[in-house]
Every structure is written in C-alpha cells, then in structure tokens.
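> below: sequence and its predicted model.
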Amino acid sequence: MEKRTDKNLYTLLFATGMVVVVGSLLAFVASSLKPKINENKRIEKQQNILYAMGVHENEGKGNVAFIEASKVAGEFSKYIKKQIVITGDLDIVENNDAYLIDIKKEQTKAKAGEKRQLPLFIGEKDGKTYYIAPIRGIGLWDAIWAYVAVDENMIVQGAYFDHKAETAGLGANIKQRFFMDDFIGEHLLDENGIFKGITVSKSNSDPTNKIKYDNEVDAIAGATITGDGVSAMIKTDLRLYQSYFENLKTN
Amino acid sequence: MGLLSSKDSKLISDPLSDDNPITIQVLGICSALAITAELKASIVMAVSVIFVMGAGNVVISLIRNIIPSKIRIIVQLTVVAALVIVVDQVLKAYSYSLSKELGAFIGLIITNCIIMGRFEAFALANGAWRSFLDGIGNALGYGLILIIVGFFRELLGSGTLLGYAVLGDSIEKTGLYSIGYENNGFMLLAPMALIVVGLIIWVQRSRNTNLIED
C-alpha cells in the first residue's frame, strides 16, 4: 500500500508549504535585523579608517584592537577633519558621508566607462596630516579591501586590510598585524616619483622589512593568490590618487 | 552521565571514539582539511557545528513522519540552510566582531556532510531527544578530531597556539628557534591535514583492532 506521504500531490503541497514557511521566517529575521546590521557596518568602517591613521587600542605586539564601538562617533569627528570625493580631472567636493561610498559600485562604474568617485579622508593626529584612501580588490575566494593612510609624499603611515572569505590561517592573515604593520613606512613611489605600488613579494630578502624604499613587503607563506590580490589592488586603486598628491604639492 | 540511560549515553560517547564521524564514518573530511591550519578556527567550527547539528537533528526528527520521502534530501538541506542563515544574521546584528571572526565558516557549515549524513542515518528514524543526543555526540566527535588536527598543524606549521608564540619568535630567533628549529610550512597546506587524520586513524585502529575491516 502506498503511504500518504508518497503521493505526488502531498509532495507538492509539502514543498510549497515548506518554501512559504522557511521563506517568510528568513525574510522576517533578515528585515527585522537589517537596521542593526547596517549600523554595525557603519561603525566598523569608521573603526577601520581610524585604525589606518593610528587611532586604535593596540598594545605592544598584540592583536588588532579598534577603539570601542561606543566611542567611535566622537573620535571619528575629532580626528577626521575633512572628507572629500575626487572625480575625473581633480574635481574635488567635500562630502561628510564620503566614507559611506561603496567602492565596489564605483569600480563597476569605472568599468562601464563612467566617472568614478574616489573618496579620500583627511585626518589629523599630533600635528601630522594623514590621507586615508579606501581600496578594494579580489583575493583567492572573494573580495579583499583595505584602508591605507599615506602622507603627502605617498609614504604609507598605516593600513588596515580585511577580507570576505580568505583561507583561515593563510590568506586570512592579511588582517593580522604582522602583515599589516610591514606596510608602515613603505614608499608607494620610486625614487623618481613614479608610482610603483607595494608588491607582496615571495622573493623578498628582507623578511623583517628593514628596507622601506624597495616597494616590497614580505609575503605570507601559503597565501600566494591573496598576496597577489593585495599587490594588485594597491597598484590599480591607489595609483588613481597620485594626481591628487601631485596637485597638492604644486599648489 | 547519571542523567542519561546507558543506551542514550552511548549516543554521545560512541562518536567520540569507536564510531567517530571523521575517522570511522569518513564524513566531514572536506572541512577537516580546509579550516584546520589554525587551532582557533577549528574550535570555532566545532562549536558552530555542535549547535547546528543539535538543532537540525531535533527539527528533522520532529517532522520525520510528514516529510515526503521523494524530496527528503531537499527538505534536510533547507532546514540546515535556514538554521545557518538565522545564526549568521543574529550574530551579525548582536555580536558583529564575533561574526567577522567566523566569517566564511558559518556558510561552510551547510556543506558539511556530517550534518546531512546524521539527518539521513539517524534523525529520520528516531525521536527528538535521541536525535538531539546523536547530533551533539557526532558534532563532538567531529570537533575533537578538528581540534587535534588544528593543534598539530598550528604548532608545527606556525609555531603558535591560538596565536600565541609558544615556541619563541621565529624571526628574532628566540626560544626553540635559537637552537636551529624551523617551522614546517608544509603543515599549513591541506595535504598535511589528510596525513594527520591518517595518523589518527592509524593510532585508533592499532589500539582497537576490532575496527579494522578485513
């Protein structure tokens, strides 16, 4: 005898019912949590930007420590003096929400031949000016991105790297201090002022990164593709800011 | 285990030794290779799987009599996926930094064949309480192997445990490194996880020869 649950009609009804129940459950969870998740993402962006310019709670050689979420809003307005958006031929507009610009969308725009908006955050700490640029690229599995703080000579003052889904223990280590801190002091330009970027190099004979003008940092073993992705996003995205800094000096 | 009858407590204890999901049932090998380069990632994955397996087994067991057998695999997949998405969203909203740490793992849980394997082999035929115990037991057995593999891979591959440099500083040449010890970078690559799992299987079967198939 055929069981009730083997009938085709029952199967169809069950499948329909399941889709409705599970679908509405997930939709309910997602929409009720969305405002909170977006707020968390906004705070994280501010924490990352501040981290790149050296506003953090790192202790000694320990792990990355952002400033507390509750303090972020105040610190962000205290340290970040100006947010600008650069478009096309150095068309500069001030925009206090520039940090919310979606770099992924801007990159798609540029690919479609449209003008891309380049946000730049100008911070001041202890009398020094930091220019923090958001960049984005692809690692092994998914997106990688970074906030890089440079001075007016395009020498890196700090950086925060992050990733969506790089391999734990290998590529995921780009967000560890032993990798990120190596960038501090590295030059983006060569001695003739030509943009060279910073290459994540496997053949670097300078593992402790004492030489800062070689345009190279030491790679992570076992994370070749992620490292190449980091080099590539620095080369393509940070290069776009070079004309801004050249202009800054001549004026 | 005074709370459980001896039959029930076997549901927890068997997967930890003689019926281990990884070393005996050979399930969940993929994630055991992928995420064990670090001890911390192993622990996080173990805890997440314990939760999803416990809850998933109970849900499947409760609806086992109304699931149409023709589409039961799809139903199982939907249950795991829904559970995992809910966990992911709740973590993102209320514990953002933790959810950042877990990152890709949460999504990876869906693909873990232990979960579907236990739904199919146990929860579809047993009551909710026993299914819950079976889920927890198998997840613990899985987690145990993950943690053992993660321990050796991180220790020998990076010279650290949970991120702490337990053997000294490899660049400054302190501790063990001062007498010429070197990290074995090969340990960080996936094939070594397979070899470590193989060694565990060897140890386990040489201690209990009943496990050896003819």
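Arrived safely.
> which stretches in chain A count as helices?
A:8-52, A:72-79, A:103-111, A:177-180, A:224-233, A:239, A:242-250 (DSSP state H).
> most packed of the ones you listed?
Mean neighbour count (mean count of other CB atoms under 10 Å in any protein chain shown) peaks for helix A:224-233 among the helices of chain A, with a mean of 21. Quick note: C-beta positions are derived from backbone N, CA and C, even for glycine.
> reformat the helices of chain A as JSON lines; add distance to chain B and mean pLDDT.
Shown next, in JSON lines, are these (distance: least, CB to the nearest CB, whole Å; pLDDT from 0 to 100):
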{"stretch": "helix A:8-52", "distance to chain B": "4", "mean pLDDT": "93"}
{"stretch": "helix A:72-79", "distance to chain B": "12", "mean pLDDT": "91"}
{"stretch": "helix A:103-111", "distance to chain B": "18", "mean pLDDT": "91"}
{"stretch": "helix A:177-180", "distance to chain B": "9", "mean pLDDT": "90"}
{"stretch": "helix A:224-233", "distance to chain B": "11", "mean pLDDT": "94"}
{"stretch": "helix A:239", "distance to chain B": "29", "mean pLDDT": "91"}
{"stretch": "helix A:242-250", "distance to chain B": "31", "mean pLDDT": "87"}
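> closest one to residue B:157 among the ones you listed?
Counting by CB to CB, residue B:157 lies closest to helix A:177-180 out of the helices of chain A; the figure is 14.8 Å.
> run through the helices of chain B in chain order.
Counting by DSSP H, the helices of chain B are B:6-13, B:29-34, B:39-62, B:72-94, B:96-102, B:104-110, B:113-118, B:128-158, B:190-207.
> close to chain A, is the fourth one?
Yes. Contact of helix B:72-94 with chain A is found when judged by CB under 8 Å from any CB of the partner chain, involving B:74, B:75, B:78, B:82, B:85, B:86, B:89, B:90, B:92, B:93, B:94.
> with mean neighbour count and mean pLDDT added, can I get the helices of chain B in JSON lines?
Shown next, in JSON lines, are the helices of chain B (neighbours: other CB atoms under 10 Å in any protein chain shown; pLDDT from 0 to 100):
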{"stretch": "helix B:6-13", "mean neighbour count": "15", "mean pLDDT": "81"}
{"stretch": "helix B:29-34", "mean neighbour count": "19", "mean pLDDT": "80"}
{"stretch": "helix B:39-62", "mean neighbour count": "22", "mean pLDDT": "88"}
{"stretch": "helix B:72-94", "mean neighbour count": "18", "mean pLDDT": "88"}
{"stretch": "helix B:96-102", "mean neighbour count": "16", "mean pLDDT": "76"}
{"stretch": "helix B:104-110", "mean neighbour count": "19", "mean pLDDT": "76"}
{"stretch": "helix B:113-118", "mean neighbour count": "22", "mean pLDDT": "86"}
{"stretch": "helix B:128-158", "mean neighbour count": "23", "mean pLDDT": "91"}
{"stretch": "helix B:190-207", "mean neighbour count": "15", "mean pLDDT": "89"}
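> out of those helices, which is closest to residue B:179?
Among the helices of chain B, helix B:128-158 sits nearest to residue B:179 (CB to CB), with 16.3 Å.
> now do that closest one: which elements does it pack against?
The helices and strands touching helix B:128-158, judged by 3 or more CB pairs under 8 Å, 6 or more residues apart in numbering or on different chains; DSSP states H and E, are helix B:6-13, helix B:29-34, helix B:39-62, helix B:113-118, strand B:160-161, helix B:190-207.
> could I get the ones you listed as a markdown table with distance to chain A?
A markdown table is the format used below for the helices and strands packed on helix B:128-158 (distance: least, CB to the nearest CB, whole Å):
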| stretch | distance to chain A |
| --- | --- |
| helix B:6-13 | 26 |
| helix B:29-34 | 7 |
| helix B:39-62 | 4 |
| helix B:113-118 | 16 |
| strand B:160-161 | 10 |
| helix B:190-207 | 9 |
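> not counting sequence-adjacent ones, nearest residue to residue A:241?
Computed as CB to CB, 6 or more residues apart in numbering or on different chains, the closest residue to residue A:241 that is not its neighbour in sequence is residue A:133, at 5.5 Å.
> read off the pLDDT value for the one you found.
Residue A:133 carries a pLDDT value of 95.
> quick check, it in contact with residue A:154.
No. Using CB atoms under 8 Å, residue A:133 is not in contact with residue A:154, being 10.1 Å away.
> next, show the common contact partners of those two.
Listed as contacting both residue A:133 and residue A:154 by CB atoms under 8 Å, 6 or more residues apart in numbering or on different chains are A:238, A:241.
> quick one: the residue of chain B found nearest chain A and residue A:118, what's the gap?
For chain B, the residue closest to chain A is residue B:37, as judged by CB to the nearest CB, at 2.9 Å. As defined by CB to CB, to the nearest Å, residue B:37 lies at a distance of 36 Å from residue A:118.
> neighbouring contacts of the top strand by length along chain A?
In chain A, taking DSSP state E as the definition, the longest strand is strand A:128-138. Outside of strand A:128-138, the residues within contact range by CB under 8 Å, 6+ apart are A:49, A:52-54, A:99, A:101, A:103-104, A:107, A:118-124, A:143-152, A:157-158, A:229-230, A:232-234, A:236-238, A:241, A:245.
> weed out the non-buried ones from those.
Buried members of the contacts of strand A:128-138, counted by 16 or more other CB atoms under 10 Å in any protein chain shown: A:49, A:52-54, A:99, A:101, A:103, A:107, A:118-123, A:143-150, A:157-158, A:229-230, A:232-234, A:237-238, A:241, A:245.
> in strands, which of those appear?
Judged by DSSP E, strands contain the following of the buried ones among the contacts of strand A:128-138: A:118-123, A:143-150, A:157-158.
> which one among those gets closest to residue A:173?
Nearest member of these to residue A:173, counting by CB to CB, is residue A:144, at 11.9 Å.
> which ones are touching the residue lying closest to that closest one once chain neighbours are set aside?
Sequence neighbours aside, residue A:163 is the residue nearest to residue A:144 in space, at 4.4 Å (criterion: CB to CB, 6+ apart). Contacts for residue A:163 were tallied using CB under 8 Å, 6+ apart; they are A:139, A:142, A:143, A:144, A:145, A:171, A:172, A:174, A:175, A:226.
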